[in-house]
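Asks: give me a 3D structure for the following:
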Amino acid sequence: MTVERLLQDRITENLIVEKRGNAGWITFNDPGRHNAVSYAMWEGIPLALEAFRNDGDIRVVVLTGAGEKSFVSGANISQFDQLRSGEEAVQAYERVAEAAQLALYDYDKPTIARIRGYCIGGGLNIALCCDLRVASDDSSFSIPAGKLGLGYRMTAIRNLVTAVGPANALEIFLTANRYKAAQARELGLLHKVTPVADLDAALDIYISQIAANAPLTLLAGKKMIRQMQQLGPEVDQQAMTALVLRCFDSNDYREGRKAFAEKRAPVFTGT
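Replies: Take a look at the predicted model:
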């Protein structure tokens, strides 16, 4: 199989974009931070997807994380003081992150999340934006927004509920529990769990099965399924966005960031 590196001169080095045979690969490449997603990485995702869209040889797109410890451990919290500390900064950050995730969620071609290690917070939402999710049995999953005091956007909640249903979504979100891969599979977060040694073989089966099918048929079916998952007109999007921004403007959010940096338990007051 030939491997071709793409977009090296246009995007951050922390996002590796490759064409591997008939699959496009996006690798989150910051293992020292457990592949936490930076602002520049959010910016690069739509560019990578567009490059794959324009290549008729690419039938499926795989997203994964560099190294053996993490898929994506969430957003890069070290950037929050600069990029998520005021209302305008929060809104700008949210626009870029939301655009990246919507580009993935609405993407024409089939997408697969190849997960090994931590799949946390925004990383879990990236996986939930993909059509299929296969994980090694040593992976772990959680949405720790409540432990940090940050807002979790409406579309991310939609993706969670779509995958696991309202009851499981409430447990996952309200407790901020960490789940092992087998538990995540039972909840509906994953399609397949394999031993570490079998992860790539399971992924290759998915890739070959998808690549053998008619692209226009898959596109039509995927678009219809996504239409059924859209938020209805009765949802007050402006009100939901206001709730998210309220979290980012709260004392609890400031306390959550401080406690995380100091490696201690936060003390939240609901203000």
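
Asks: which ones are touching K180?
Replies: 137, 139-141 (C-beta atoms under 8 Å, 6 or more residues apart in numbering). All C-beta spots, glycine's among them, are computed from the backbone N, C-alpha and C.

Asks: and the buried ones among those residues, selectable in PyMOL?
Replies: Burial among these is assessed by 16 or more other C-beta atoms under 10 Å; the matching PyMOL selection reads:
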select buried, resi 139+140+141
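
Asks: pretty sure E234 sits in a helix.
Replies: No - according to DSSP: H, G, I helix; E, B strand; the rest coil, E234 belongs to no helix; its state is coil.

Asks: what's the distance between it and P166?
Replies: 16 Å (C-beta to C-beta, to the nearest Å).

Asks: cool, and E262?
Replies: Relative to P166, E262 is positioned 35 Å away (C-beta to C-beta).

Asks: mind listing the strands for the stretch 101-250 of the chain?
Replies: Here the stretch 101-250 of the chain has its strands, by DSSP state E, counting those that start in this stretch, at 111-115, 118-120, 132-136, 140-142, 179-180, 192-194.

Asks: would you list the ones you listed in JSON lines and tack on distance to C247?
Replies: Putting the strands of the stretch 101-250 of the chain into JSON lines (distance: least, C-beta to C-beta, whole Å) gives the following:
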{"stretch": "strand 111-115", "distance to C247": "26"}
{"stretch": "strand 118-120", "distance to C247": "18"}
{"stretch": "strand 132-136", "distance to C247": "27"}
{"stretch": "strand 140-142", "distance to C247": "18"}
{"stretch": "strand 179-180", "distance to C247": "23"}
{"stretch": "strand 192-194", "distance to C247": "32"}
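
Asks: how about the ones you listed in JSON lines, adding distance to I225 and mean pLDDT?
Replies: Formatted as JSON lines, those follow (distance: least, C-beta to C-beta, whole Å; pLDDT from 0 to 100):
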{"stretch": "strand 111-115", "distance to I225": "13", "mean pLDDT": "98"}
{"stretch": "strand 118-120", "distance to I225": "22", "mean pLDDT": "97"}
{"stretch": "strand 132-136", "distance to I225": "12", "mean pLDDT": "98"}
{"stretch": "strand 140-142", "distance to I225": "23", "mean pLDDT": "98"}
{"stretch": "strand 179-180", "distance to I225": "25", "mean pLDDT": "98"}
{"stretch": "strand 192-194", "distance to I225": "19", "mean pLDDT": "98"}
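
Asks: ok, which of those strands comes nearest K222?
Replies: Among these, the nearest to K222 by C-beta to C-beta is strand 111-115 (9.3 Å).

Asks: what does the closest one rub up against?
Replies: Contacts of strand 111-115 (C-beta under 8 Å, 6+ apart): 60-65, 71, 104, 119, 126-127, 129-136, 139, 190, 199-200, 203, 206-207, 210.

Asks: for the strands of the stretch 101-250 of the chain, which one sits closest to F248?
Replies: strand 118-120 (18.7 Å).

Asks: just to check, T269 is in contact with D252?
Replies: Yes - assessed by C-beta atoms under 8 Å, T269 is found in contact with D252 at 6.5 Å.

Asks: and these two? which has more neighbours close in?
Replies: Legend: neighbour count by other C-beta atoms under 10 Å for T269 and D252, higher for D252 (19 against 9).

Asks: confidence score at the more buried one?
Replies: We have a pLDDT of 91 for D252.

Asks: so it sits in a strand?
Replies: No - using three-state DSSP, the assignment for D252 is helix, not a strand.

Asks: numbering from 27 from now on, please.
Replies: Taking 27 as the first residue, the last one we looked at is D278.

Asks: contact partners for the nearest residue to it once chain neighbours are set aside?
Replies: Nearest non-adjacent residue to D278, counting by C-beta to C-beta, 6 or more residues apart in numbering: G175, 3.8 Å away. Contacts for G175 (C-beta under 8 Å, 6+ apart) come out as 273, 276, 278-283, 292, 294.

Asks: what about R46, neighbour count?
Replies: R46 has 14 neighbours, counted by other C-beta under 10 Å.
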